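Asker: The amino acid sequence is not available; the structure is as follows:
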């Protein structure tokens, strides 16, 4: 693993169809399983889908982004209290993990493992993209992947050999996301400063022209993540959480 | 970064008091900021607490585990929709991110970044421990760190130079957490098999003796994570989510 690996991540959205060698995939999944986990309970499952027919079914759940079919491997990262609960049940123990606290524990486990998976994939020369669409269509994904009660999708990682070589995406200056000692709230001027470079970029200028909007924030609120969708996702995911047994108690 | 780094993680619970050099800390935080993030919104904040007085206040929130005072650096990982919402507000854009979907997006961002922080810390020879206690006392932590509305703690990473050298913790066999193509539910026999090695270990034998309990699962359900606590945490965290404005819509 190269020293600079973590500093060179960029999402890959074009993939070659070359399969990921079995041994490499195993190494990547093992790396995921070594991440920190709450009480060593490993409250997650990684559903690794390579089968084309199932990826075809998953594709509309990710708004038919071509990479779901292009990349040879789609990993649906799930919070999983089912396996641990089964084990407890078989041992005459009373689990009581069908509640929101355990969704939080399981999500934390799952996402730390997911990032290890990502890093190890990249260390092996693969590219990845994280699909935020997962929470939009988590119910449908659950049906396709036959997730039982106690298992819910959180995010999806597509991975494979890159067929593009994009540059790094910009990030906010580090003082935009880091607070020392305690949270020091931003002044309006500081907020302006944090986004200044991005707002002044050529990329933003193009986006504004294409979208006929006066500023970048409105591209987010009026094009990318609009109120109606946000509320629909909040509602459907929360309902699914209940349906999947994360709100029984 | 060594090839084997991800495979060698173990939690460190005893730390030397040696401070983390500024440049190293900056490198670790920068690595965190390079993780994948939803729409490049970076919906998280990392609150880096080194000040002894504030760590003394945080200590009871983590059940006075000595490492909070021993380790020179405590990072509280927070979901943050506040900063992005402020930016939108200052641009005459209507954000609508005060809802559950955005808690999910922000949590995902925050936890992927947290794992990058962990990996880069370990790459620099530091040790870490993830404190699951964070969700038990998230309200109190919010008060101490002065988190505004739209910001909520998810987990905490203590980090510093290790003062112990523990071995690797066991994990379930890989087929315990990985499913191919879709979720293949476990048979009772498979569950038995997944936990067999751990249940047969000398460590488990000692735990059972110390706790006067007949099996390992009951140590989890009757000692470590009991119904009453799980329900109290579920309730208090969910209330805090509403209080912090993640359920306005």
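Answerer: Sure, I can see it. On a predicted model such as this, the values are computed, not experimentally measured, just so you know. Residues are numbered from 1 along each chain as shown, chains lettered A, B, ... in the order given.

Asker: From now on I want contacts and neighbour counts done on CA atoms only, so please keep to that.
Answerer: OK.

Asker: what's in contact with stretch A:159-174?
Answerer: A:8-10, A:12-20, A:71-75, A:121, A:125-129, A:194-195, A:198, B:29-30, B:33-34, B:40, B:42 (Cα atoms under 8 Å, 6 or more residues apart in numbering or on different chains).

Asker: model confidence over stretch A:33-42, on average?
Answerer: Mean per-residue pLDDT for stretch A:33-42: 97.

Asker: any bit of that stretch sitting next to chain B?
Answerer: Yes: in terms of Cα under 8 Å from any Cα of the partner chain, part of stretch A:33-42 sits within range of chain B, namely A:33-36, A:38, A:40, A:42.

Asker: Would you mark the buried spots in the helix or strand hosting residue A:159?
Answerer: Per DSSP states H and E: residue A:159 is located in strand A:151-160. Using 16 or more other Cα atoms under 10 Å in any protein chain shown as the test for burial, strand A:151-160 gives A:151-160.

Asker: In a markdown table: those, plus pLDDT.
Answerer: Shown next, in a markdown table, are the buried residues of strand A:151-160 (pLDDT from 0 to 100):
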| residue | pLDDT |
| --- | --- |
| A:151 | 98 |
| A:152 | 98 |
| A:153 | 98 |
| A:154 | 98 |
| A:155 | 98 |
| A:156 | 98 |
| A:157 | 98 |
| A:158 | 98 |
| A:159 | 98 |
| A:160 | 98 |
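
Asker: Quick one: the residues you listed as JSON lines, columns for distance to residue A:189 too.
Answerer: Shown next, in JSON lines, are the buried residues of strand A:151-160 (distance: Cα to Cα, whole Å):
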{"residue": "A:151", "distance to residue A:189": "44"}
{"residue": "A:152", "distance to residue A:189": "41"}
{"residue": "A:153", "distance to residue A:189": "39"}
{"residue": "A:154", "distance to residue A:189": "35"}
{"residue": "A:155", "distance to residue A:189": "34"}
{"residue": "A:156", "distance to residue A:189": "36"}
{"residue": "A:157", "distance to residue A:189": "37"}
{"residue": "A:158", "distance to residue A:189": "38"}
{"residue": "A:159", "distance to residue A:189": "40"}
{"residue": "A:160", "distance to residue A:189": "42"}
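
Asker: which residues of chain A score low on pLDDT?
Answerer: A:1-3, A:249 (pLDDT under 70).

Asker: And the helices in it?
Answerer: A:22-33, A:52-58, A:67-70, A:82-90, A:100-123, A:138-144, A:188-199, A:202-211, A:216-219, A:227-243 (DSSP state H).

Asker: Tabulate the ones you listed (CSV), appending distance to residue B:146 and mean neighbour count.
Answerer: CSV is the format used below for these (distance: least, Cα to Cα, whole Å; neighbours: other Cα atoms under 10 Å in any protein chain shown):
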stretch, distance to residue B:146, mean neighbour count
helix A:22-33, 34, 19
helix A:52-58, 42, 17
helix A:67-70, 42, 24
helix A:82-90, 36, 19
helix A:100-123, 22, 26
helix A:138-144, 34, 18
helix A:188-199, 18, 15
helix A:202-211, 34, 13
helix A:216-219, 26, 22
helix A:227-243, 27, 18
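
Asker: now residue A:217, nearest residue through space, not along the chain?
Answerer: Spatial nearest neighbour of residue A:217, chain neighbours left out: residue B:88 (5.2 Å); criterion: Cα to Cα, 6 or more residues apart in numbering or on different chains.

Asker: who's in contact with that neighbour?
Answerer: Contacts of residue B:88 by Cα under 8 Å, 6+ apart are A:217-218, A:221, B:94-95.

Asker: Closest one of the residues you listed to residue B:58?
Answerer: Nearest to residue B:58 out of the contacts of residue B:88 is residue B:95 (Cα to Cα; 32.3 Å).

Asker: What's the separation between the closest one and chain A?
Answerer: Noted for residue B:95: a distance of 5 Å to chain A, by Cα to the nearest Cα, to the nearest Å.

Asker: wait, what's in contact with that residue?
Answerer: A:220-221, A:226-227, B:85, B:88-89.

Asker: Sort out which one of those lies nearest residue A:109 for me.
Answerer: Checking the contacts of residue B:95 one by one against residue A:109 (Cα to Cα), the nearest turns out to be residue B:85, at 27.6 Å.

Asker: one step back: now list the buried members of the residues of stretch A:33-42 next to chain B.
Answerer: Among the residues of stretch A:33-42 next to chain B, those classed as buried by 16+ other Cα under 10 Å are A:33-36, A:38, A:42.

Asker: Make JSON lines from the helices of chain A and add distance to residue A:177 to it.
Answerer: Formatted as JSON lines, the helices of chain A follow (distance: least, Cα to Cα, whole Å):
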{"stretch": "helix A:22-33", "distance to residue A:177": "26"}
{"stretch": "helix A:52-58", "distance to residue A:177": "34"}
{"stretch": "helix A:67-70", "distance to residue A:177": "30"}
{"stretch": "helix A:82-90", "distance to residue A:177": "35"}
{"stretch": "helix A:100-123", "distance to residue A:177": "19"}
{"stretch": "helix A:138-144", "distance to residue A:177": "29"}
{"stretch": "helix A:188-199", "distance to residue A:177": "10"}
{"stretch": "helix A:202-211", "distance to residue A:177": "21"}
{"stretch": "helix A:216-219", "distance to residue A:177": "18"}
{"stretch": "helix A:227-243", "distance to residue A:177": "23"}
